[in-house]
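> just coords:
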């Protein structure tokens, strides 16, 4: 049975364009991150966010209609940060082995480089995909396309539809990491777990010798 997303308004009211507005929104998101990390979603209120950010509640409501919109904005930030990590991992081109690329990517996605673990857990637990679908779909498409192009340039990848192979790997790694974040967070610092997750893309993608 599919779970119905709670009623919400997760869309920002305004997009900051200039220095002062960017500073206000940045402070709001930073304070929300601190509350989520230390106390969890149950303690996240617009009053708490505004107070910790040092802005008026009116200023917060200029940009966000409620706490759902704030946490959804944090979820979108995570999506774009993951895209940056992925682009960095592929930046070395095809000179590196599949294992080297995966060994650079997996720990970065599992660690604090992507974001505070407690905050990520709260976001995954309380932000339905429907709240951030546009950004999620955009990032997934960009990552899949970039990986497919990367695979197409490699000589050590087995035969197959590159776009389909990229789609499978991106979603598989994402699903395993999200399960670890929400269910077994201790695994994200377990070297054996990280090594096993590296094996997932390596063994799936590499061409068999001979």
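Yep, it's here. The structure displayed is predicted, hence computed values, not measured ones.

> low-confidence ranges in the protein?
Within the chain, the segments meeting pLDDT under 70 span 1-8, 210.

> burial of residue 180, as a residue count?
Neighbourhood size, residue 180 [other C-beta atoms under 10 Å]: 20. For every residue, glycine as well, the C-beta is placed using N, CA and C.

> no wait, residue 181
22.

> To which secondary structure element is it assigned?
Per DSSP states H and E: residue 181 is located in helix 162-183.

> Show me what counts as buried in that helix.
By 16 or more other C-beta atoms under 10 Å, the buried positions in helix 162-183 come out as 162, 165-170, 173, 176-177, 180-181.

> Likewise for stretch 49-67?
So stretch 49-67, judged by 16+ other C-beta under 10 Å, has buried residues 49-50, 53, 55, 59-60, 62-67.

> Just give me how far it sits from the chain centre.
Distance of stretch 49-67 from the chain centroid (C-alpha atoms, centre = their mean, to the nearest Å) equals 24 Å.

> wait, is residue 208 part of a helix?
No: assigned with DSSP: H, G, I helix; E, B strand; the rest coil, residue 208 falls outside any helix and is coil.

> ok, how many other residues are close to it?
Other residues lying near residue 208 total 5 when counted by other C-beta under 10 Å.

> give the contact list for it.
Contacts here follow C-beta atoms under 8 Å, 6 or more residues apart in numbering; on that basis residue 208 touches residue 158.

> any idea how far it is from residue 159?
Going from residue 208 to residue 159 by C-beta to C-beta, to the nearest Å gives 10 Å.

> and what of residue 176?
25 Å.

> residues contacting residue 14?
Per C-beta under 8 Å, 6+ apart, neighbours of residue 14: 21, 62-63.

> Got the phi and psi for it?
According to degrees, to the nearest 10, the main-chain angles of residue 14 amount to phi -140, psi 150.

> coming back round to it: continuing past the helix holding residue 181, what's the next helix or strand?
Next along the chain from helix 162-183, counting by DSSP H and E, comes helix 191-205.

> Nearest to residue 101 among the buried residues of helix 162-183?
residue 169 (11.3 Å; C-beta to C-beta).

> still on that earlier bit, now, which of the contacts of residue 14 lie within strands?
Using DSSP state E, no member of those falls within strands.

> Residue 15 looks like it's in a helix, true?
No: under three-state DSSP, residue 15 falls outside any helix and is assigned coil.

> For it, grab the count of nearby residues.
Neighbourhood size, residue 15 [other C-beta under 10 Å]: 9.

> swap in residue 84?
Counted with other C-beta under 10 Å, residue 84 comes out at 12.
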